[in-house]
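**Q** Got a predicted structure plus its sequence, pasted below:
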Amino acid sequence: MIVRAKFKVTSITRSQATRAKKDGSGYEPCEGQEIKLSPVTSNSPENEQFFRTTPSGEIRMFTVNEDAWKQFLLGGEYIVEFQAVGQTF
């Protein structure tokens, strides 16, 4: 079973982080970003429908992958899908 929810980016915070060097010889400084998302609440019939079933919550993720963080825009709305891995119910 897959559970779907619709979330909106409410903040993006840049910070200094470290990542493994590509040659495996240790770590190097880099930029990282924390993206926070909250359930949508209004502005469209679809959002109001999602809000009726997901009234509160938060998703926070931190990444040093620039290609990943560029996919998230402040105020952008995203469908999130949750699917169990390796479990049967």
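**A** The structure has been received and is ready for your questions.

**Q** from here on, contacts and neighbour counts on C-alpha atoms
**A** Noted.

**Q** So what touches the helix or strand encompassing Tyr78?
**A** With secondary structure defined by DSSP states H and E, Tyr78 is part of strand 77-83. For strand 77-83, contacts defined as Cα atoms under 8 Å, 6 or more residues apart in numbering pick out Met1, Ile2, Val3, Arg4, Ala5, Lys6, Phe7, Lys8, Val9, Val40.

**Q** Give the pairing partners of it; include direction for each.
**A** strand 2-20 (antiparallel) (DSSP bridges).

**Q** For PyMOL, write the select line for the buried members of the contacts of strand 77-83.
**A** The buried subset of those, as determined by 16 or more other Cα atoms under 10 Å, is captured in PyMOL by this line:
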select buried, resi 5+6+7+8+9+40
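
**Q** Farthest-apart pair in the contacts of strand 77-83, please.
**A** The span of the contacts of strand 77-83, defined through Cα to Cα, is set by Met1 and Val9 at 25.3 Å.

**Q** how much space between the residue lying farthest from the centre of the chain and Arg19?
**A** Centroid-distance maximum for the chain: Ser25 at 29.8 Å, with Cα atoms, centre = their mean. With distances taken as Cα to Cα, to the nearest Å, Ser25 is found 11 Å from Arg19.
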